[in-house]
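Undergrad: Coordinates for the following, if possible.
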Amino acid sequence: MSKTIKKIGVLTSGGDSPGMNAAIRSVVRTCAFHNIECVGIYRGYQGMIEGDFKELGPRSVNNIINKGGTFLKSARSAEFRTPEGRKKAYDNLVKEGVDALVVIGGDGSFTGGLMFNSEYNFPVIGIPGTIDNDIFGTSHTLGYDTALNTVVEVIDKIRDTASSHNRLFLIEVMGRDAGHIALNAGIGAGAEEILIPEEDLGLERLLDSLKKSKSTGKTSSIVVIAEGDKIGKNVFELKDYIESNFPEYDVRVSVLGHMQRGGAPSCFDRVLASRLGVKAVESLLEGKSNFMVGLLNDKISLTPLEQAIKGHTEIDRELLRVSDIMSI
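TA: Modelled structure (predicted):
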């Protein structure tokens with residue numbers, strides 16, 4: 001890289017996830033450790049366009065490792081999608097003396113960073129923050145482990161009601177394009193059936209499974225459904241279909257929604273965020289750009305941003321087999 005990096009900007013973009021604050025803290029303190037400045041950019045790319053910057057030092061990030069969400073705030077920015085918007089953002093960074101960027105977010109945030117780099121040759125490193133765990137190049141994204149623990153805890157509580165009233169609960173969890181939360185939380189919470197976008201289970205197979213459960217003496221059932229599952233138009237239509245075929249079942253729906261994105265990050269997410277933040281800053285100082293830092297085989301590694309955006313995460317086939325066996 002032609003010039004020495006003296007000041008790094010950090011922003012969070014896209015949906016929030018537990019662990020983002022811990023990652024910001026790690027970036028800020030790693031900068032301080034290497035005697036370089038750090039600037040927090042509020043409200044993602046929109047804040048970059050508006051020059052919403054604040055100098056951050058080690059004491060600026062006290063007591064945030066345990067907080068969910070992101071204190072730098074997050075916002076979508078239609079303006080950043082335009083060349084004019086990106087030019088404004090670049091001018092603000094130059095004026096502020098920022099030499100490189102750490103972008104914490106998902107594939108949309110990384111796409112913005114990649115585009116910005118290609119136009120202005122501005123060094124960018126990405127940290128994956130999304131509860132869906134759907135980014136290529138890392139086994140875990142920030143917030144995924146916390147979301148799993150939240151979902152399992154809620155399902156455990158719902159099961160108490162299901163078994164007290166002989167009810168069938170359809171529990172919808174986040175995962176528009178990926179079933180990682182549904183599959184792992186479903187196994188962890190002992191769900192009778194798990195519906196995910198990657199596997200078209202089909203209505204008949206679901207009914208057969210429920211029939212089997214009934215015949216083996218189960219008086220209540222939990223079905224975990226990823227929001228992107230294709231089996232019905234929505235979870236409420238699925239409820240109607242099941243009730244029309246199983247009038248003896250009292251079917252209830254719980255949509256967990258945004259509670260999965262909140263809450264204090266788990267220890268795993270706090271440690272992962274700390275590791276990723278250190279690697280992001282040190283990679284920039286080594287002259288690297290256009291990479292995402294991620295976790296592979298428990299080692300922090302670099303994946304080209306383009307690959308992280310375009311690559312597809314695969315559902316674990318062995319876990320699918322395990323869920324089939326466990327639902328007997």
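Undergrad: From here on, just use CA atoms for contacts and neighbour counts.
TA: Noted.
Undergrad: the strands in the stretch 1-150 of the chain, which residues?
TA: For the stretch 1-150 of the chain, strands defined by DSSP state E, counting those that start in this stretch occupy the ranges 7-12, 37-41, 53-55, 100-105, 124-128.
Undergrad: now those strands in JSON lines, with mean pLDDT and distance to Arg76?
TA: Formatted as JSON lines, the entries for these read as follows, by pLDDT from 0 to 100; distance: least, CA to CA, whole Å:
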{"stretch": "strand 7-12", "mean pLDDT": "98", "distance to Arg76": "10"}
{"stretch": "strand 37-41", "mean pLDDT": "98", "distance to Arg76": "14"}
{"stretch": "strand 53-55", "mean pLDDT": "97", "distance to Arg76": "17"}
{"stretch": "strand 100-105", "mean pLDDT": "97", "distance to Arg76": "11"}
{"stretch": "strand 124-128", "mean pLDDT": "98", "distance to Arg76": "17"}
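Undergrad: Let me know which of these is tucked in deepest.
TA: Scoring those by mean neighbour count under mean count of other CA atoms under 10 Å gives strand 124-128 as the most buried, with a mean of 29.
Undergrad: And that one, what does it pack against?
TA: Counting contacts by 3 or more CA pairs under 8 Å, 6 or more residues apart in numbering; DSSP states H and E, strand 124-128 packs against strand 100-105, helix 107-120, helix 267-285, strand 291-296.
Undergrad: Provide the strand pairings for that strand, with the direction of each partner.
TA: strand 100-105 (parallel), strand 291-296 (parallel) (DSSP bridges).
Undergrad: Out of the ones you listed, which gets nearest to Gly186?
TA: Within the strands paired with strand 124-128, the stretch nearest Gly186 is strand 291-296; the backing value is 23.3 Å (CA to CA).
Undergrad: Take the strands of the stretch 1-150 of the chain and write them to CSV, including distance to Glu84.
TA: Below are the strands of the stretch 1-150 of the chain laid out as CSV (distance: least, CA to CA, whole Å):
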stretch, distance to Glu84
strand 7-12, 20
strand 37-41, 19
strand 53-55, 19
strand 100-105, 19
strand 124-128, 19
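Undergrad: Gly47 is nearest to which of the ones you listed?
TA: Evaluated over the strands of the stretch 1-150 of the chain, closeness to Gly47 peaks at strand 37-41, with 6.1 Å, by CA to CA.
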